[in-house]
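> I'd like to go over a predicted model; first the sequence, then the structure.
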Amino acid sequence: MEKRFSRLMTFLASFALAVACSNAPTDRGSGLSTGGTGPIGCPTGQTQCGSECIDLTSSSAHCGQCGYACPGGSACHAGACDCSTGLTSCAGVCTDTTTSAQNCGACGSACPALQNCVNSSCGCPTGALACGGNCVDSFTDSANCGACGHACQPGQLCQSGSCQCLTGLADCSGNCVDTQSDGNNCGQCGTSCNGQVCSLGVCKATCDASLTLCGTSCVNLQTDGSNCGACGTICPSGQACSAGSCGCTSGQMLCNNTCVNTQVSLANCGTCGHACATG
């Protein structure tokens, strides 16, 4: 009797173990597990990436395969990375070619220095003009004052887009003259000395002391822009004579033989040659 009871208990234990094993969850090789911490039974259409179930057809972090992230703002569509509407892939980066200065209108089409890309075309920023392929500040550039190629005359300075006479000079019929020494405009525009010399704004027979006679004018070679340091030495446009040498007026700097205001110049911002970045 004891042997028959022992065999019955052994049979029942084996039967219970078989039932338990048949009811345990199994992974039947769906191919969804790709290196995770263990099978998690992802839904149809998803793949296990790490400890997550991922749709490889639309995930920008796992596009087409686990761990492959779409670069530069591109999106994942049908398991492949592509740029969203309005963007173009340039060297793997999704780019707006209507505004990109390095890819203006097309990949690799870079705008010249200082120019912006607007509506797929290169152009200078607001307040600047494109002159000879360069952006210039027509409000202060003596070589392009108010318009490309409009150069100020000697003794003139470009201010607010128009050529104006330097301090101490008067505009007489479009010419900047020193009424203190000009024999044709002595003291004021239109006053001629008629053979005499103009000395300190007065017609006289000879020049006052410390002045030098240059033609019919009594000039101070230390400050006269038309006779700077010596008779006939004319200072270039935008420059003034100081201590017998031509140079830029206060607040300006000489850059490539042109006086510029480095406080506002796009090509010489703060100092000569320091061009502002695009835009």
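Looks like it came in fine. Numbers count the residues shown, from 1 in each chain.

> could you show me where the helices are in the stretch 101-250 of the chain, in order?
Counting by DSSP state H, counting those that start in this stretch, one finds no helices in the stretch 101-250 of the chain.

> Outline the domain layout of the chain.
With domains defined by automatic domain parsing, the chain comprises 55-92, 96-126.

> The shortest one - what's its average pLDDT?
In this model, domain 96-126 carries a mean pLDDT of 87.

> can you give me the strands in the stretch 101-250 of the chain?
For the stretch 101-250 of the chain, the strands defined by DSSP state E, counting those that start in this stretch cover 116-118, 121-123, 129-131, 134-136, 156-159, 162-165, 170-172, 175-177, 197-199, 202-204, 212-214, 217-219, 239-242, 245-248.

> Buried deepest among those strands, which one?
Mean neighbour count, computed with mean count of other CB atoms under 10 Å, is highest for strand 217-219 among the strands of the stretch 101-250 of the chain, reaching a mean of 26. The way it works is simple: take the backbone N, C-alpha and C, and place the C-beta from them, glycine included.

> Any stretches of the chain with poor pLDDT?
The model of the chain has pLDDT under 70 over residues 1-40, 72-73, 277-279.

> and if we set it to 50?
Residues of the chain meeting the criterion pLDDT under 50: 1, 5, 13, 15-38.

> can you list contacts of stretch 222-240?
Stretch 222-240 is contacted from outside by 142-143, 151-158, 166-169, 178, 181, 212, 214-215, 217, 219, 221, 241-249, 252, 254, 257-259, using CB atoms under 8 Å, 6 or more residues apart in numbering.

> Also stretch 185-198?
Here stretch 185-198 makes contact (CB under 8 Å, 6+ apart) with 170-173, 177, 179-184, 201-207, 213, 216-218.

> Using CSV, write down the CA coordinates of it.
What follows is stretch 185-198 as a C-alpha-only set of coordinates in CSV (Å, rounded to 0.1, in the frame of the first residue of the first chain):
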residue,chain,number,x,y,z
ASN,A,185,36.6,133.6,-51.3
CYS,A,186,38.4,135.7,-48.6
GLY,A,187,36.4,136.0,-45.4
GLN,A,188,33.3,134.7,-47.2
CYS,A,189,32.3,133.0,-50.5
GLY,A,190,32.7,135.2,-53.5
THR,A,191,35.0,137.9,-52.0
SER,A,192,38.0,138.2,-54.3
CYS,A,193,41.2,139.9,-53.3
ASN,A,194,41.9,141.1,-56.9
GLY,A,195,45.7,140.6,-56.9
GLN,A,196,46.2,140.8,-53.2
VAL,A,197,46.6,137.9,-50.9
CYS,A,198,44.0,136.6,-48.4
